[in-house]
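>>> Sequence first, then the predicted structure, then my questions.
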Amino acid sequence: MVHALEEIQRLLKPNGCLIDIHPVREAPLIKVYRGSSVQFVESDPGYDYDESIQQAEAALTQIIQRGLFVIKGKDEFDLTTYASSVAELREFFAMVGAYDDDPKDDAMEAQRTALYARVEEIMQAAGGEAEIAYHERAHITRLNPNVRKEELI
């Protein structure tokens with residue numbers, strides 16, 4: 001990852017910027033809303049990318065410490081995906097993960113299937129008046145290349 005960031009720094013114009021967006025290191029939440037009321041909240045048992053996030057954060061820290069980039073802005077935001085049914089949510093995630101060739105974890109898939117069954121029960125009990133929201137929290141950072149005087153000549 002560090003090599004890719006070094007290459008980005010090399011290719012950016014002095015007034016260019018790199019926008020880094022990645023999830024925070026906590027599991028996304030699956031929520032069921034009925035109107036403005038939350039009926040159900042549970043963490044996604046499929047959260048398994050903590051190691052990738054750690055590697056990304058370590059790479060960013062390293063290039064900043066080396067002086068290749070300077071942070072010009074940093075914040076967090078919510079990324080929410082809404083669905084009107086469990087089937088619609090599953091279809092969305094099948095599309096998102098269509099090119100993921102990592103082997104499936106059977107235990108995690110069983111937990112996720114059980115979670116979706118609980119959500120489906122709540123959705124059925126609501127009689128079509130509920131919606132599912134998949135909440136992820138993300139970091140966004142604007143990084144500018146640290147321009148050295150010799151590069152300006």
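Done, it's in.
>>> What is the neighbour count of the nearest residue to residue 35 once chain neighbours are set aside?
Excluding the flanking residues, the one nearest residue 35 by Cβ to Cβ, 6 or more residues apart in numbering is residue 129, at 7.4 Å. Glycine gets a C-beta too; all of them are placed from N, C-alpha and C. By the criterion of other Cβ atoms under 10 Å, residue 129 has 10 neighbours.
>>> bridging residues for the residue nearest the centre of the chain?
Central residue of the chain (Cα atoms, centre = their mean): residue 23, 3.5 Å from the mean position. Applying DSSP bridges to residue 23 yields these beta-bridge partners: residue 138.
>>> how far away is it from residue 30?
From residue 23 across to residue 30, the span is 15 Å (Cβ to Cβ, to the nearest Å).
>>> residue ranges for the helices of the chain, please.
Listed in chain order, the helices of the chain (DSSP state H) span 2-11, 50-65, 86-96, 106-125, 149-152.
>>> between the second one and helix 2-11, what angle do the directions make?
When you say that, I think you mean helix 50-65. Relative orientation of helix 50-65 versus helix 2-11 (axes from the mean of the first three to the mean of the last three Cα atoms, to 10 degrees): 40 degrees.
>>> Other residues contacting helix 50-65?
Helix 50-65 has contacts (Cβ atoms under 8 Å, 6 or more residues apart in numbering) with 1-2, 5-6, 9, 20, 22-25, 69-71, 141, 143.
>>> can you check the fourth one too?
Residues from elsewhere that reach helix 106-125 (Cβ under 8 Å, 6+ apart): 30, 32, 39-40, 42, 44-46, 48, 85-86, 89-90, 130, 132.
>>> I'd like to know which of these is nearest to residue 14.
Among these, residue 48 lies closest to residue 14 (Cβ to Cβ), at 39.1 Å.
>>> my guess is the closest one meets residue 100, correct?
No - here residue 48 lies out of contact with residue 100, judged by Cβ atoms under 8 Å, at a distance of 10.8 Å.
>>> In ChimeraX, how would I select just the buried ones from the contacts of helix 106-125?
Of the contacts of helix 106-125, the buried ones can be selected in ChimeraX as follows, counting by 16 or more other Cβ atoms under 10 Å:
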select :30,32,40,44,45,46,85,86,89,130,132
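>>> Return the subset of the contacts of helix 106-125 lying in strands.
30, 32, 39, 40, 42, 130, 132 (DSSP state E).
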